[in-house]
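Undergrad: 3D model of this:
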Amino acid sequence: MIKFQVISNQVIQIQSSTALSIEQFKELLKITKSASKHIKFFQVLQKDRPAYIKIQEAPGPAPCAEKPEIIYEDETCLVAYKPSNLLIHSDGSDLPTLTERVNGYLYDQGFPFEAKACHRLDVETCGLVLFCKIPFLQNFFDEQFRNRKIIKEYYLLVHQNLSWKKKTIDRPISRNRHDAKKMITHPNGKEAKTIFETIHSKNGYTLLKATLINGRKHQIRVHSASAHFPIVNDPLYNPEKKNGPMLLECFHLGFISAQEQKKIDLKVDLQSVDKLPILKKLNFNKIKVGKKV
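TA: Residues are numbered from 1 along each chain as shown. Okay, here's the model as predicted:
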């Protein structure tokens, strides 16, 4: 078990429950050769004794007036809740981003490093987003996504009264050559599998839980639309008239934190969906399907 404490913009204290060589430390925390060039160890790690890493000065956070909703935080990472229609990263425009809000929060806390998102959500999707706070630990989190060690589950509200309890859609996905904004199911596309489970059906709508086996762009949206139960208010894949933001939320995120290498399992209630009028009308908002941490 390794614990981190940020001392300044150049010094991080580390303490291990076992003695480790520098190479063992790097291997355990998945520190890349590129990241290793920017850090310097003062000594090897002795059991239960503090040691120190010097880090080349890294970009710091900038102030931001809008603040994020923080669901979880430790010294190495944080999880923020992304509202619908908010970008995670800048797309080159002047539109606000979740990354700006997160770093504005860290700026106010006096934290010296700029946080970076470890994954993406579509701009229309709301939900949990993981950020790495210490530059040389970025690959520790990124590798969990690459190796599919991350738990990610979604709620979606769809048009249809669905009678089945569980359905797996296994259809490859590729880009739509006729519309650059869209993806399509196609035999020559990349492998994509989604597991859908019914939570509640009422008045022509069904609340579903979706689990991604792969993580392709627009995967849940494309699979649900291709199976004829499009997501309510999906601007790309649902031809029905739109009345508010898209009803798709990443409600469950599970991962290993670099801080003490502990398992983190986070869920938010359906009440956290930030566009509830239709859910309230159907009484779906009263269904207790998650637990806010």
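Undergrad: didn't His228 look like it was pressed against Lys167?
TA: No. Using Cβ atoms under 8 Å, His228 is not in contact with Lys167; the gap is 11.6 Å. Every residue, glycine included, has its C-beta placed from N, CA and C.
Undergrad: Those two: which is more packed in?
TA: Per other Cβ atoms under 10 Å, whichever of His228 and Lys167 has more neighbours is Lys167, with 16 against 9.
Undergrad: what kind of secondary structure is the more buried one in?
TA: Here Lys167 is recorded as strand under DSSP: H, G, I helix; E, B strand; the rest coil.
Undergrad: Skipping its backbone neighbours, what lies nearest it in space?
TA: When the adjacent residues along the chain are set aside, Lys167 lies closest to Phe196, with 4.8 Å between them (Cβ to Cβ, 6 or more residues apart in numbering).
Undergrad: got it, and Ala19?
TA: Using Cβ to Cβ, 6+ apart, the closest residue to Ala19 is Lys47 (4.8 Å).
Undergrad: wait, what's in contact with the one you found?
TA: By Cβ atoms under 8 Å, 6 or more residues apart in numbering, the contact set of Lys47 is Ser16, Ser17, Thr18, Ala19.
Undergrad: Tell me how many other residues surround the residue nearest to Lys167.
TA: 24.
Undergrad: Now do the buried residues in stretch 5-23.
TA: Val6, Ile12, Ile14, Gln15, Ser16, Leu20, Ile22 (16 or more other Cβ atoms under 10 Å).
Undergrad: Show me the strands in the stretch 151-293 of the chain, by range?
TA: Taking DSSP state E, counting those that start in this stretch as the test, the strands found in the stretch 151-293 of the chain are 151-159, 166-170, 173-175, 183-185, 193-202, 205-212, 248-256, 263-267.
Undergrad: Give me the angle between the first one and strand 248-256.
TA: Taking axes from the mean of the first three to the mean of the last three Cα atoms, to 10 degrees, one finds strand 151-159 and strand 248-256 inclined to each other by 170 degrees.
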